[in-house]
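Visitor: Whatever this is, show me its structure:
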Amino acid sequence: MENQIFELQYAMDTFYFLVCGALVMWMAAGFAMLEAGLVRSKNTTEILTKNVALFAISCIMYLICGYQLMYGGGLFLSGIEEVDVAQVLADSAEEGFDGGSVYSGASDFFFQVVFVATAMSIVSGAVAERMKLWAFLAFAVVMTGVIYPMEGAWTWNGEDVFGMYNLGDLGFSDFAGSGIVHMAGASAALAGVLLLGARKGKYTKNGINAIPGANLPMATLGTFILWMGWFGFNGGSVLKLGDISSAHSVAMVFLNTNAAAAGGAIAALITARLLFGKADLTMLLNGALAGLVAITAEPSTPTALQATLFGAVGGVLVVFSIITLDKLRIDDPVGAISVHGTCGLLGLLLVPLTNSDVSFSGQLIGALTIFGWVFVASLVIWSILKAVIGIRVSEEEEYEGVDIAECGMEAYPEFTTGK
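Guide: Numbers count the residues shown, from 1 in each chain. The predicted structure is shown next:
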């Protein structure tokens, strides 16, 4: 009987992991559509190329060395061993099977690798329209193979940070990655943007010039894809499904994730209306994403009302963050640094409000560690790339569009060639 229970648990948890991983993988399409919609038409092909290529690079680098650095599980040559049912049952013979997490190691890798790709996707939009394609892809190799896995080891795997302290022991918690994934991606993006500089014509002596995206229906589609994929992102982080407690936790995570997104969207829409006098669609889209990022650090313990309010705070904050970065002349075409960085930090700081096992000091130390490591390491890599191959296209190439300069084709040729 125990054998049958264990095998059923194993099958359910493995299947749940794989389905949630597939949902997170689908977020890659969301990022691609969102970014393609928010850049100018002359830069669409290149941004799509980046999103497909970075996903492939993430999968390969995490397989080669990233997973080993983060969890100590080498997969590239050795593969995954099958679970020894008899051994597991023997190990728990005294207490009996307790319904703990049991799933295929391969499913765990698959679920983890799509998180790596998500972190790298955040960088793509922030450096859009003026970065060299191959410089970006070279950075992706290091980010997904080394930088992200190292901070992931200090948090989700509980390894010591430089042999000094363990973030979990300090009261740090990040359920699904507000800091570990989203703030990390934004930190890498910020380092790149600071070295890269703003797009030509964005900031002048006369003020800030808006550079609207070419396809807002596409950006809206991307946001809905991300919203849907987030159920796998947060829901899969429960890690199991095959018992009553876990099933209830999964349901609450789905409920709270959706509530936070809705709260963020409405709050951002209202904030934009009050500030600009108009219903700004781009702020609405970023508000929904801000709410999702804010709840990601702890979607299992808040009530639905709390989750909605947390999302709303994120929605308001992201509008002011985007405005502030513009005033500081930090050019982020899609608002990625504000959505994932500012609201990622917010998410971490909200956790102690509903989880008594977590401390504000632990969250602050964790956030500082993640930001410090990723920002400094990324700044070093971006600086090396800038010195060796350059990271920015020429002024002429930027004017013509990086589609032609980097990819040799246009996304909408009929609008420019008359064909």
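Visitor: Quick check: next helix or strand after the lowest-mean-pLDDT helix or strand in the chain?
Guide: Every helix and strand of the chain was ranked by mean pLDDT, DSSP states H and E. The lowest is helix 85-91, at a mean of 57. Per DSSP states H and E, the first helix or strand lying C-terminal to helix 85-91 is helix 105-126.
Visitor: what packs against that following helix?
Guide: With contacts taken as 3 or more C-beta pairs under 8 Å, 6 or more residues apart in numbering; DSSP states H and E, helix 105-126 sits against helix 2-38, helix 44-61, helix 67-71, helix 133-142, helix 148-155, helix 184-196, helix 336. Using the backbone N, CA and C atoms, a C-beta is placed for each residue, glycine as well.
Visitor: Distance to residue 376, mean neighbour count and mean pLDDT added to these, as a markdown table?
Guide: Below are these laid out as a markdown table (distance: least, C-beta to C-beta, whole Å; neighbours: other C-beta atoms under 10 Å; pLDDT from 0 to 100):
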| stretch | distance to residue 376 | mean neighbour count | mean pLDDT |
| --- | --- | --- | --- |
| helix 2-38 | 25 | 20 | 90 |
| helix 44-61 | 20 | 22 | 97 |
| helix 67-71 | 17 | 20 | 92 |
| helix 133-142 | 13 | 20 | 98 |
| helix 148-155 | 11 | 24 | 96 |
| helix 184-196 | 8 | 25 | 98 |
| helix 336 | 19 | 29 | 98 |
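Visitor: quick one, which of those is nearest to residue 289?
Guide: Residue 289 sits nearest to helix 2-38 of all the helices and strands packed on helix 105-126, at 8.2 Å, using C-beta to C-beta.
Visitor: what inclination does that closest one have with respect to helix 44-61?
Guide: 150 degrees (axes from the mean of the first three to the mean of the last three C-alpha atoms, to 10 degrees).
Visitor: now helix 2-38, how far from the centre of its chain.
Guide: From the chain centre to the centre of helix 2-38 is a distance of 15 Å (C-alpha atoms, centre = their mean, to the nearest Å).
Visitor: Likewise for stretch 201-213?
Guide: Stretch 201-213 sits 28 Å away from the centroid of its parent chain (C-alpha atoms, centre = their mean).
Visitor: do the same with stretch 255-273
Guide: Mean-position distance between stretch 255-273 and its chain equals 19 Å (C-alpha atoms, centre = their mean).
Visitor: Can you tell me how far the closest residue in space to residue 284 that isn't next to it in sequence is from residue 260?
Guide: Spatial nearest neighbour of residue 284, chain neighbours left out: residue 269 (4.7 Å); criterion: C-beta to C-beta, 6 or more residues apart in numbering. For residue 269, the distance to residue 260 equals 15 Å [C-beta to C-beta, to the nearest Å].
Visitor: more neighbours, the two?
Guide: residue 260 (34 against 20; other C-beta atoms under 10 Å).
Visitor: wait, doesn't the more buried one sit right on residue 288?
Guide: No. Assessed by C-beta atoms under 8 Å, residue 260 is found out of contact with residue 288, at 9.1 Å.
Visitor: and the next element down the chain from the helix or strand harbouring residue 282?
Guide: If you go by DSSP H and E, residue 282 is part of helix 281-296. Remark: after helix 281-296, the chain's next helix or strand is helix 304-327, criterion DSSP H and E.
Visitor: Dump that next one to CSV, keeping only the CA atoms.
Guide: C-alpha atoms of helix 304-327 as CSV (Å, rounded to 0.1, in the frame of the first residue of the first chain):
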residue,chain,number,x,y,z
ALA,A,304,-7.1,37.6,-1.0
LEU,A,305,-7.7,41.1,0.2
GLN,A,306,-4.1,41.5,1.3
ALA,A,307,-2.9,40.2,-2.0
THR,A,308,-5.0,42.7,-3.9
LEU,A,309,-3.7,45.5,-1.7
PHE,A,310,-0.1,44.4,-2.2
GLY,A,311,-0.6,44.3,-5.9
ALA,A,312,-2.2,47.8,-5.8
VAL,A,313,0.8,49.2,-3.9
GLY,A,314,3.0,47.7,-6.7
GLY,A,315,0.8,49.2,-9.4
VAL,A,316,1.1,52.7,-7.8
LEU,A,317,4.8,52.3,-7.2
VAL,A,318,5.7,51.2,-10.7
VAL,A,319,4.2,54.4,-12.2
PHE,A,320,6.2,56.6,-10.0
SER,A,321,9.3,54.5,-10.5
ILE,A,322,9.1,54.8,-14.3
ILE,A,323,8.6,58.6,-14.0
THR,A,324,11.6,58.8,-11.6
LEU,A,325,13.9,56.8,-13.8
ASP,A,326,13.0,59.0,-16.7
LYS,A,327,13.9,62.1,-14.7
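Visitor: Please identify the buried residues of it?
Guide: With burial defined by 16 or more other C-beta atoms under 10 Å, the residues of helix 304-327 counted as buried are 306-319, 321-322, 325-326.
Visitor: Kindly report the same for stretch 233-253.
Guide: Neighbour-count burial for stretch 233-253, counted by 16+ other C-beta under 10 Å, picks out 233-243, 246, 249-250, 252-253.
Visitor: Out of those residues, which is nearest to residue 215?
Guide: residue 233 (24.8 Å).
Visitor: Look up phi and psi at the closest one.
Guide: When read as degrees, to the nearest 10, the backbone of residue 233 gives phi -60, psi -50.
Visitor: What's the local residue count around the closest residue to residue 188 other than its chain neighbours?
Guide: What sits nearest to residue 188 in space, not counting adjacent residues and going by C-beta to C-beta, 6+ apart, is residue 378, at 4.1 Å. Residues within reach of residue 378, counting by other C-beta under 10 Å, total 25.
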